[in-house]
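Trainee: with the sequence up front, the predicted model follows.
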Amino acid sequence: MSDQNTFLLDGEEIPFVPGQTIMQAAQAAGKYIPHLCWHPEFKPHGSCKLCTVKVNGRFGSSCTMEAATGQNVENRTQELDDKRRTLLQLLFVEGNHFCPSCEKSGNCLLQATAYDLGMMTPHFDHFYPDRPVDASHPDVMLDFNRCILCSLCVQASELADKKFVFVMGGRGMRGRKIIINSESGKLGDTDFAVGDRAASICPVGVILRKRVGFAVPYGERTYDKAPGSALEAAK
Amino acid sequence: MSEKTKLRVATTSLAGCFGCHMSFLDIDERLLDLLELVEFDRSPITDIKHCGPCDLGIIEGGVCNAENVHVLREFRKNCKILVAMGACAVNGGLPAQRNHLDLRDILEAVYETEGGLARGVHIPNDPELPLPLNKVHPIHEVVKVDYFLPGCPPPADAIWKFLTDLLAGRTPHLGHGLLHYD
């Protein structure tokens, strides 16, 4: 297989099929590139920048950049992980991420990624923004305090459910947000259902099924058993 | 008996619930090993009221009132190394969940308009009481903090790993299973 297409990821040869992104090829080879807004089922959004790698010395988002022969990709280097940790810290202070009282704790990709990158403190001054909670739907509640604007719910609702329940709107650091596509702006006035793909796509604790919170005890949750890096690479 | 000088350690809880201190006590018999290496200055264990010169200061809880600010500054002034222990010291924690509400509205709701209050109850205004701050802050927003030990509370094993790393002169490192924000 000497004519197989490959690139180097942290010095290791990774095969790829033309058209695959660096992220897809790495994932297929069981290699972990930290990410939050990327999901294998959907088109890359390229917004969280956590999957930033260095390709032949230049920064690029591995979820949007096509793999090519001759690429020398740096991934888990001290320099890149330091930058990723800073991005995580910015996300933590921009929202209200109070893990001890969050139902998603232990199953949260943001939290697990921060553990993997050894984030001991959010470091920056907190915004403590005033964000709404929407409990209008009978089976699902929304807590926007934890939203990281990954847009996976927008994509899942549009592409998988064909419902267009979530829309990204507003501008600027405080204005940008997920808007609910109903006249009242409430989830209860949409045709959103608990079985929708969008109901289980949220990587953080915004979209939560009602009446199942804290059912799984501490120690037995998804990322209690194995680090996010191991579980995400095995997907 | 070794003549080695013991490191002096002070601990306190600001806007915390003492849960982190309880978790600290959960290191159980390892406390005896710890006491071979350190002696306690101000701490709920000794009941010393003011912090003297120390090698290590451990702060539980965020900063929610004027007294917290004074205590925190006293610790920073006296401690060579200051550690934020637990979610509240690290990011404000549960008390900081009042931060998007107006302080007066909260006090009025709790002391004047809520049901079940005795007649003529008002917002407490005794000069002995420290004044609450408008917002609750993690301690690194008020003083420089050298190390952070997250968790609500940090598990006893995480506290033990953290302290033994620190006392051995290593940068504390908590791996999977010990590093928790909850």
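Mentor: Here it is on my side, so go on. Residues are numbered from 1 along each chain as shown, chains lettered A, B, ... in the order given.
Trainee: which helices and strands does the lengthiest helix in chain A pack with?
Mentor: Counting residues, the longest helix found in chain A (DSSP state H) is helix A:78-94. Packing partners of helix A:78-94 (3 or more CB pairs under 8 Å, 6 or more residues apart in numbering or on different chains; DSSP states H and E): strand A:52-55, helix A:109-116. C-beta coordinates here come from the backbone N, C-alpha and C atoms, glycine included.
Trainee: any idea how far it is from the chain center?
Mentor: Computed by CA atoms, centre = their mean, to the nearest Å, the separation of helix A:78-94 from the middle of its chain amounts to 14 Å.
Trainee: B:P138 touches B:V90, doesn't it?
Mentor: Yes - taking CB atoms under 8 Å as the definition, B:P138 is a contact partner of B:V90 at 5.8 Å.
Trainee: next, show the common contact partners of those two.
Mentor: A:P122, B:A84 (CB atoms under 8 Å, 6 or more residues apart in numbering or on different chains).
Trainee: tell me what the lowest-mean-pLDDT helix or strand in chain A is packed against?
Mentor: Across the helices and strands of chain A, mean pLDDT, DSSP states H and E gives its lowest value to helix A:172-175, namely a mean of 84. With contacts defined as 3+ CB pairs under 8 Å, 6+ apart, helix A:172-175 has no helix or strand neighbours.
Trainee: after that helix comes which helix or strand?
Mentor: Scanning forward in sequence from helix A:172-175 by DSSP states H and E, the next helix or strand is strand A:177-180.
Trainee: any residue of whichever helix or strand comes after that next one up close to chain B?
Mentor: Sequence-wise, the next helix or strand downstream of strand A:177-180 (DSSP H and E) is strand A:207-209. No - Strand A:207-209 is not in contact with chain B by CB under 8 Å from any CB of the partner chain; minimum separation 15.5 Å.
Trainee: how about residues contacting strand A:207-209?
Mentor: Counting by CB under 8 Å, 6+ apart, residues outside strand A:207-209 touching it are A:103-104, A:139-143, A:153, A:194, A:198-202.
Trainee: quick check, distance from the helix or strand following that strand to the centre of its chain.
Mentor: Downstream of strand A:207-209, the first helix or strand assigned by DSSP H and E is helix A:222-225. Distance, stretch centre to chain centre, for helix A:222-225: 17 Å (CA atoms, centre = their mean).
Trainee: and if you look at stretch B:49-59?
Mentor: On CA atoms, centre = their mean, the centre of stretch B:49-59 falls 12 Å from that of its chain.
Trainee: buried ones in that stretch, by neighbour count?
Mentor: Along stretch B:49-59, these residues count as buried under the neighbour rule (16 or more other CB atoms under 10 Å in any protein chain shown): B:C51, B:C54, B:D55, B:L56, B:G57, B:I58, B:I59.
Trainee: any bit of stretch B:140-149 sitting next to chain A?
Mentor: Yes - applying CB under 8 Å from any CB, one finds stretch B:140-149 touching chain A at B:H140, B:E141, B:V145, B:Y147, B:F148, B:L149.
Trainee: the nearest residue to the fourth one once chain neighbours are set aside in helix, strand or coil?
Mentor: For B:Y147, the nearest residue in space outside its immediate sequence neighbours is B:V83; the separation is 4.7 Å by CB to CB, 6 or more residues apart in numbering or on different chains. Assigned with DSSP: H, G, I helix; E, B strand; the rest coil, B:V83 falls in the strand class.
Trainee: return the most buried member of the helices and strands packed on helix A:78-94.
Mentor: Sort these by mean neighbour count, taking mean count of other CB atoms under 10 Å in any protein chain shown, and helix A:109-116 sits at the top with a mean of 25.
Trainee: re the thing from before, what's the farthest-apart pair in the residues of stretch B:140-149 next to chain A?
Mentor: B:E141 and B:L149 (17.2 Å; CB to CB).
Trainee: give me the more crowded residue out of those two.
Mentor: Remark: of B:E141 and B:L149, B:L149 carries more neighbours, 27 against 16, as counted by other CB atoms under 10 Å in any protein chain shown.
Trainee: touching, the more buried one and B:W160? I think so.
Mentor: No - at 11.0 Å, B:L149 does not count as touching B:W160 under the criterion of CB under 8 Å.
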